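Asks: kindly generate the corresponding structure for this input.
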Amino acid sequence: MASVSKPACFLKKYLAVTSTAIALAALPSCLLAQTAAPALVPTAYSSSHSDANTFAGEDLDGSSLASAPDGSIKTIAPQYGGGYGGGRYHRYSDTSGFSHFAFEAGGGFTAPIGNVTSGGFTSIIGDGFNYPSETYGGNYLIGGGWNFTKRFGVLGEFAFDTNKIPGRTLSAFYNEIDPQVGLSSSGIANIGGNVHTYSVTAEPTYYYYNGDKHSFAGYVIGGGGWYHKSTNFTAPVEEEGYFGGVFVTNQTFTSYSDNALGGNLGTGVSVKPFGQYSSAKLFLEARYVFVNTPRETAADAAAGNLHTGTEELIPVTIGIRF
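Replies: As a prediction, this is how the structure comes out:
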């Protein structure tokens, strides 16, 4: 076997390595020259996965609303709030009839004035002294009506005033010497008495002031109608109970009454304790009431037609109004 020299063997290995490296270096450029660039294919995604504006085309501020047929710009009422009383509350401009309906109830004390306190029973007792027919008492009222605007309405009211007959007047009845002159207790001791006045009236009401976003208001009220005045004298009577024993009750032994026309005029204030959007208002008012009942005459007394004359009262009432 022929031997190969070391220099020849080294050269052969060098050439083999070099040719391999050249082939490897040329391989990527060949592959790139033969392979086409991949085409970009659009992929469909749902709107939840894309960054597209999901509110595109929506009118968020109302600036692009279409015009109405008459050329005016459409407007949308707010769902909550807006306008007098807010979107969820009735306004006087609403078409709802309930927002105009009014209801009230209240009570208080009543002060008598005029003929009631100075000579109401003068001619009945007939001794020349002035005897008042009433002293302080109480009242209550209930009513309903219609508010035409937020400032003006009309109420229909039923009112009841009750006042006591003063002890000085009752003592004069008991000590009356000649019962034929007028009314006496006919010897009945410990008598009592009261005057009841019922009325059914129409009451126009005007709110002249609305302040603090309608939470506080001032108003005037006045009207007139039918009044029924009843004067009653009572005496204690012993009665036997169903299960034995005796108890005492006051029973009316004499009563007379008058029907007459009358009127009233007053003023008051109201406040909304449950907020400005509530329809409930607490009110405090005072009125002057005049009832045109006839005055007693000697002929009336002799015939048993008893009267106490005109009645004038000042009821002060606190209550709630819707």
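
Asks: the stretch 201-322 of the chain: strands as residue ranges?
Replies: Applying DSSP state E, counting those that start in this stretch to the stretch 201-322 of the chain gives strands spanning 216-240, 246-271, 281-291, 311-321.

Asks: what segments of the chain are helices?
Replies: Ranges of helices in the chain, per DSSP state H, are 6-34, 122-125, 167-174, 298-303.

Asks: worst mean pLDDT among the ones you listed?
Replies: Between these, the lowest average pLDDT goes to helix 6-34, which shows a mean of 54.

Asks: Thr310 contacts Arg295, correct?
Replies: Yes. Using Cβ atoms under 8 Å, Thr310 is in contact with Arg295, at 6.9 Å. For every residue, glycine as well, the C-beta is placed using N, CA and C.

Asks: which neighbours do the two have in common?
Replies: Counting by Cβ atoms under 8 Å, 6 or more residues apart in numbering, the residues touching both Thr310 and Arg295 are Asn115.

Asks: these two: which has the busier surroundings?
Replies: Taking other Cβ atoms under 10 Å, Thr310 and Arg295 do not tie; Thr310 has more neighbours (18 against 14).

Asks: for the residue nearest to that one when sequence neighbours are not counted, what are its contacts?
Replies: Nearest residue to Thr310, sequence neighbours excluded (Cβ to Cβ, 6 or more residues apart in numbering): Asn115, at 5.1 Å. Contacts for Asn115 (Cβ under 8 Å, 6+ apart) come out as Arg295, Thr308, Gly309, Thr310, Glu311, Glu312.

Asks: redo that, cut-off 10 Å
Replies: Thr122, Asn130, Pro132, Ser133, Glu134, Thr293, Arg295, Thr308, Gly309, Thr310, Glu311, Glu312 (Cβ atoms under 10 Å, 6 or more residues apart in numbering).

Asks: quick one: the fifth one and Arg151, what's the gap?
Replies: Separation of Glu134 from Arg151 (Cβ to Cβ, to the nearest Å) stands at 36 Å.

Asks: looking at these two, which is more packed in?
Replies: Between Glu134 and Arg151, Glu134 has the larger neighbour count (other Cβ under 10 Å), namely 30 against 15.

Asks: thought that one was touching Thr169?
Replies: Yes. Counting by Cβ atoms under 10 Å, Glu134 does reach Thr169; the two are 9.0 Å apart.

Asks: run a quick neighbour tally on the closest residue in space to Asn190 that isn't next to it in sequence.
Replies: Of all residues not flanking Asn190 in the chain, Pro236 sits nearest, at 5.6 Å (Cβ to Cβ, 6+ apart). Residues within reach of Pro236, counting by other Cβ under 10 Å, total 13.

Asks: quickly list what Pro236 is bridged to.
Replies: Beta-bridge partners recorded for Pro236 (DSSP bridges): Asn250.
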